[in-house]
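>>> I'd like to go over a predicted model; first the sequence, then the structure.
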There are 2 protein chains.
Amino acid sequence: MDIVRSIKEINEKVESFKRQGKTIGFVPTMGYLHEGHQHLMKTAGEQNDVVIVSIFVNPLQFGPNEDFDRYPRDEERDKRIAIQEKVDLLFMPSVEEMYPKDASIQMTVQSRNDVLCGKKRPGHFNGVVTVLTKLFHLTQPTRCYFGLKDAQQVAVIDSLVQDLNFPIDIIAVPTVREEDGLAKSSRNVYLSTKEREEAPSLYQALEAGRKLVVDGERNPDTIVKGVEHYIQTRTSGKIDYVELLSYPELEPVNQIDGQVILATAVYFEKARLIDNVIFQREGIKSDVTLGG
Amino acid sequence: MDIVRSIKEINEKVESFKRQGKTIGFVPTMGYLHEGHQHLMKTAGEQNDVVIVSIFVNPLQFGPNEDFDRYPRDEERDKRIAIQEKVDLLFMPSVEEMYPKDASIQMTVQSRNDVLCGKKRPGHFNGVVTVLTKLFHLTQPTRCYFGLKDAQQVAVIDSLVQDLNFPIDIIAVPTVREEDGLAKSSRNVYLSTKEREEAPSLYQALEAGRKLVVDGERNPDTIVKGVEHYIQTRTSGKIDYVELLSYPELEPVNQIDGQVILATAVYFEKARLIDNVIFQREGIKSDVTLGG
């Protein structure tokens, strides 16, 4: 596996892949790799000639009250995982390499950003689209892989790629779950034994909400209230939000029609968990449709 | 020559060029092609396997008081010129094809934009960088060609490419001039006979300013005043600006040091002419250095 830290070298490596006519699968990460990332790398490996993974804790997407310096980092462990997943090139630039000076060009997100988790993180997605634009240009991927656990991020990236005509296929990979349905997350280890037993109720609640749609319910409020009630009566967590929105547009819906997302965030003692389900009007889950 | 109007088809054609390992030279224009454009196309043809020219009058870069609808268009003539210049692919999308809906992602320029011609056109360069980002993704050029007559545009595009790591070489092509030194422009035909005789004084004035530097003058004010005096005493035009700035940063300089631009805009009765010279501290003109 090649480990590349400079812009100059990544340009050379990518040029060489391109000259050889190879398809490139790209998995951008902030490191501290976990099973979710590994699943993305595996999927990228199945669908492309070469796999590039980037590890870059992007200061631009951290708010003033979010602790960029304390974001967990473990470079040696990350390298071992990337090798194990047969990654061809690991790109680990420094902040100085990615942002050598104040930028003249600013990118801002005007929609899909002020709902769900984005509500409390003003500016977060501006940082996300800026760093991804840079990484997309540096790695020139054929396909880029994102987990649907962070469905809002996927929706914003979908608008980035559509609005600016990036020649890249965005592949939205379904959330990986434990056997009891809990979405895999590095934060699950912070749950107490009791909380861990309660946590699968988040996914169960979302699935119950989806079932209401299958059974004919079309009023979003009824479904949101049903999900809230399910979580409140089965967990000790405090609900941050339950929202039902169109997907990937992330706009309020009066009447369920087309593809929607039902999403929740719940505070436990030492961890905030998020989860979502995306489905069609008929309640059917199939491949998530992007390009909106 | 292929004429392509849809995003779908340009994607297919460019993919095919890329698969064949061809280098792509790209000349973005707003049409109504003139000798300056033809010179860019010729240069692109000398340096690349294929040449793509886009013709798109970009509404995003017109201000509310600038008449987008009255911008001159002549598609048939443009086609003939492109064929004559051995262009391989002419991309002529409609506004609906380029902007099918309100964009979620906004791009704004934070520097190099509020001097020279940009001062009076707030928002203009936001539209320029947005459309170029889209066109760069659609045409995936190896090299992209711009005329140095619009040196501020080149400087802004240089920051776009640097800040966002586009894998593209920006080629700044020297201004083409008439035998008497007047910069070629479609607007020159609007000059009266008397004005046409005076107009070479713009370039002479800039060259006189450069000579002051060669002779040891380092104070920008002295040089600017010298250029203004030269133009005022030799033409009937009204000076819009004479500025001396660092290039490509376009920042004020206290003392001439490094690469600078000396630029002017002058109103004549029915035409506003612009011109500039870019040179080093020693007064030497050589290839313009970008990447700043």
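Arrived safely.
>>> what about residue A:92, how many neighbours?
Look at residue A:92: counted by other Cβ atoms under 10 Å in any protein chain shown, it has 17 neighbours. Where C-beta positions appear, they are placed from N, C-alpha and C, glycine not excepted.
>>> strands of chain A, start to end?
A:2-4, A:24-29, A:50-55, A:89-91, A:105-109, A:143-147, A:169-173, A:238-246, A:260-267, A:272-279 (DSSP state E).
>>> can you say which of those is nearest to residue B:101?
strand A:238-246 (14.2 Å; Cβ to Cβ).
>>> re the thing from before, same list (the strands of chain A) but as CSV, adding mean pLDDT and mean neighbour count.
Converted to CSV, these look like this (pLDDT from 0 to 100; neighbours: other Cβ atoms under 10 Å in any protein chain shown):
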stretch, mean pLDDT, mean neighbour count
strand A:2-4, 98, 16
strand A:24-29, 98, 25
strand A:50-55, 98, 25
strand A:89-91, 98, 24
strand A:105-109, 98, 20
strand A:143-147, 97, 21
strand A:169-173, 97, 19
strand A:238-246, 97, 18
strand A:260-267, 97, 23
strand A:272-279, 96, 22
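>>> quick one: which of the ones you listed is nearest chain B?
Closest approach to chain B among the strands of chain A is made by strand A:105-109 (4.6 Å; Cβ to the nearest Cβ).
>>> what packs against that closest one?
helix A:124-139, strand B:105-109, helix B:151-163 (3 or more Cβ pairs under 8 Å, 6 or more residues apart in numbering or on different chains; DSSP states H and E).
>>> before we move on, the earlier item: make TSV out of the strands of chain A and add distance to residue B:67.
Converted to TSV, those look like this (distance: least, Cβ to Cβ, whole Å):
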stretch	distance to residue B:67
strand A:2-4	49
strand A:24-29	43
strand A:50-55	45
strand A:89-91	47
strand A:105-109	27
strand A:143-147	41
strand A:169-173	38
strand A:238-246	38
strand A:260-267	43
strand A:272-279	45
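>>> residue A:265 pairs with what?
Taking DSSP bridges as the rule, residue A:265 bridges to residue A:241, residue A:274.
>>> ok, now which ones touch it?
A:116-117, A:239-241, A:272-274 (Cβ atoms under 8 Å, 6 or more residues apart in numbering or on different chains).
>>> save the residues you listed as CSV, and put in distance to residue B:134 too.
Below are these laid out as CSV (distance: Cβ to Cβ, whole Å):
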residue, distance to residue B:134
A:116, 28
A:117, 29
A:239, 41
A:240, 36
A:241, 34
A:272, 37
A:273, 38
A:274, 33
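>>> and those, which is closest to residue B:32?
Nearest to residue B:32 out of the contacts of residue A:265 is residue A:116 (Cβ to Cβ; 46.8 Å).
>>> what's the burial count for that closest one?
Around residue A:116 there are 25 residues (other Cβ under 10 Å).
>>> let me know the pLDDT of the residue nearest the centre of chain A.
In chain A, the residue lying closest to the centroid (Cα atoms, centre = their mean) is residue A:150, at 3.4 Å. Note on residue A:150: pLDDT of 95.
>>> relative to residue B:41, which of the helices and strands packed on strand A:105-109 is closest?
Of all the helices and strands packed on strand A:105-109, helix B:151-163 comes closest under Cβ to Cβ, at 17.1 Å.
>>> hmm, back to that, need the helices and strands packed on strand A:105-109 in a markdown table (columns: distance to residue A:260).
Shown next, in a markdown table, are the helices and strands packed on strand A:105-109 (distance: least, Cβ to Cβ, whole Å):
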| stretch | distance to residue A:260 |
| --- | --- |
| helix A:124-139 | 20 |
| strand B:105-109 | 23 |
| helix B:151-163 | 37 |
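>>> relative to residue A:9, which of these is closest?
helix A:124-139 (10.3 Å).
>>> what comes into contact with the closest one?
With Cβ under 8 Å, 6+ apart, helix A:124-139 has contacts from A:7, A:10-11, A:14, A:24, A:26, A:28, A:52, A:54, A:56, A:58-63, A:91, A:98, A:103, A:106-109, A:112-113, A:118, A:144, A:153, A:156-157, A:160, A:164, A:166, A:168, B:105, B:164-167.
>>> what angle sits between it and helix A:151-163?
Put simply, helix A:124-139 runs at 60 degrees to helix A:151-163, going by axes from the mean of the first three to the mean of the last three Cα atoms, to 10 degrees.
>>> run a quick neighbour tally on residue A:100.
12.
>>> please name the residues that touch residue A:42.
residue A:85.
>>> how much space between it and chain B?
Separation of residue A:42 from chain B (Cβ to the nearest Cβ, to the nearest Å): 26 Å.
>>> try residue A:17
From residue A:17 to chain B the distance is 12 Å (Cβ to the nearest Cβ).
>>> that residue and residue A:133, how far apart?
20 Å (Cβ to Cβ, to the nearest Å).
>>> same question, residue A:80
30 Å.
>>> of the two, who's got more company?
Under the criterion of other Cβ under 10 Å, the comparison of residue A:80 against residue A:133 puts residue A:133 first, with 23 against 12.
>>> who does the residue nearest to residue A:251 when sequence neighbours are not counted form a beta bridge with?
Among residues not flanking residue A:251 along the chain, residue A:245 sits closest, at 6.1 Å (Cβ to Cβ, 6 or more residues apart in numbering or on different chains). Residue A:245 has these beta-bridge partners by DSSP bridges: residue A:252, residue A:261.
>>> these two touch, right, residue A:23 and residue A:49?
Yes: between residue A:23 and residue A:49 there is a contact under Cβ atoms under 8 Å: 4.8 Å.
>>> list the buried residues for stretch A:10-17?
Within stretch A:10-17, the residues scored as buried using 16 or more other Cβ atoms under 10 Å in any protein chain shown are A:10-11, A:13-14, A:17.
>>> isn't residue A:201 right next to residue A:229, touching?
No: taking contacts as Cβ under 8 Å, residue A:201 lies outside contact range of residue A:229: 11.3 Å.
>>> more neighbours: these two, which one.
Neighbour count, other Cβ under 10 Å: between residue A:201 and residue A:229, residue A:201 has more, with 21 against 13.
>>> check the gap between the more buried one and residue A:235 for me.
Taking Cβ to Cβ, one finds residue A:201 at 5 Å from residue A:235.
>>> how about residue A:194?
Counting by Cβ to Cβ - residue A:194 and residue A:235 are separated by 9 Å.
>>> higher neighbour count, these two?
Just comparing residue A:194 and residue A:235: by other Cβ under 10 Å the higher neighbour count belongs to residue A:235, 21 against 12.
>>> identify all contacting residues around stretch A:281-292.
Here stretch A:281-292 makes contact (Cβ under 8 Å, 6+ apart) with A:148, A:154, A:158-159, A:162, A:170, A:172, A:210-211, A:213-215, A:247-249, A:256-260, A:277-280.
>>> now for the closest residue to chain B within the stretch 151-292 of chain A: which residues touch it?
Nearest to chain B in the stretch 151-292 of chain A, going by Cβ to the nearest Cβ, is residue A:159, at a distance of 3.9 Å. Residue A:159 makes contacts with A:109, A:111-112, A:248, A:292, B:103-105, as judged by Cβ under 8 Å, 6+ apart.
>>> report pLDDT for it.
pLDDT, residue A:159: 97.
>>> contact residues of the stretch 101-250 of chain A facing chain B?
A:102-112, A:129-130, A:133-134, A:137-138, A:140, A:156, A:159-160, A:163-167 (Cβ under 8 Å from any Cβ of the partner chain).
>>> if we ignore the residues flanking it in sequence, what's nearest residue A:86?
residue A:45 (5.7 Å).
>>> run a quick neighbour tally on that neighbour.
17.
>>> can you check the pLDDT for it?
98.
>>> what distance do you get for it to chain B?
The value you get for residue A:45 to chain B, if Cβ to the nearest Cβ is used, is 22 Å.
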